[in-house]
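Novice: Below is the structure, and that's it, no one-letter string:
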């Protein structure tokens, strides 16, 4: 049983590290791309929105690195109860992270994209052009962000809760 708890702890740590690396790499790309776009945006409101998106990438990196990591290395000499406690706490931490993704991840990006597209719509209106582009962009972003939220809160949290429940059942008690 101890071997199983050790392996679960290591597997979850590897999974978290992989996810965090992927999230940080994506956030770095967001920071670079939208920072470049902000510098080239045609209106101040578009620049502001794109700069917010760019800075959101840095915020995501900070948040993931400080709140998304697993527990500190576990002493190999611990007993089953101690390993179980560490693993259960880690599952709970990861569940909380996914349950709040709309605040620390999606929210800042979404706010910046809304501001940038509002700026584009205002600029296009002043130029006597249609605003279909910004409207479609906001619609698409809303749908994609809703899907990301659902995946995190339903699928991701569901899998973590199932794994946590299975560990509780295998090792007995809460």
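Specialist: Perfect, I can see it now. Keep in mind that this is a model prediction, so the values were computed, not measured.

Novice: Give me the pLDDT for the residue nearest the centre of the chain.
Specialist: Nearest to the centroid of the C-alpha atoms of the chain, with distances taken as CA atoms, centre = their mean, sits residue 105, at 4.8 Å. If you check residue 105, the pLDDT there is 97.

Novice: what sits against it?
Specialist: Residues in contact with residue 105 (CB atoms under 8 Å, 6 or more residues apart in numbering) are 60, 63. Heads up, the C-betas are built off the backbone N, CA and C, glycines and all.

Novice: and if you look at residue 98?
Specialist: Residue 98 neighbours (CB under 8 Å, 6+ apart): 152-153, 156-157, 160.

Novice: Looking at neighbours, which among those is most surrounded?
Specialist: Neighbour counts for the contacts of residue 98 (other CB atoms under 10 Å) peak at residue 160, which has 22 neighbours.

Novice: mean confidence score for the host helix or strand of that residue?
Specialist: Using DSSP states H and E, residue 160 sits in helix 157-171. Per-region confidence: helix 157-171 scores 88 on mean pLDDT.

Novice: helices or strands next to that helix in the packing?
Specialist: helix 2-40, helix 80-99 (3 or more CB pairs under 8 Å, 6 or more residues apart in numbering; DSSP states H and E).

Novice: Out of those helices, flag the one nearest residue 62.
Specialist: Between residue 62 and the helices and strands packed on helix 157-171, the shortest gap by CB to CB is with helix 2-40, which sits at 9.2 Å.

Novice: What residues sit buried inside that closest one?
Specialist: Neighbour counts using 16 or more other CB atoms under 10 Å place 5-6, 8-9, 12-13, 16, 20, 23-24, 27, 30-31, 34-35, 37-38 of helix 2-40 among the buried residues.

Novice: Could you do stretch 142-159 as well?
Specialist: 145, 152-153, 156-157.

Novice: Ignoring the adjacent residues along the chain, who's closest to residue 141?
Specialist: residue 113 (5.3 Å; CB to CB, 6 or more residues apart in numbering).

Novice: For the one you found, give its distance to residue 120.
Specialist: Distance of residue 113 to residue 120, given as CB to CB, to the nearest Å: 10 Å.

Novice: and for those two, which residues touch both?
Specialist: residue 137.

Novice: mind showing which ranges of this structure have poor pLDDT?
Specialist: Within the chain, the ranges that satisfy pLDDT under 70 run 1-2, 70-76, 173-174.
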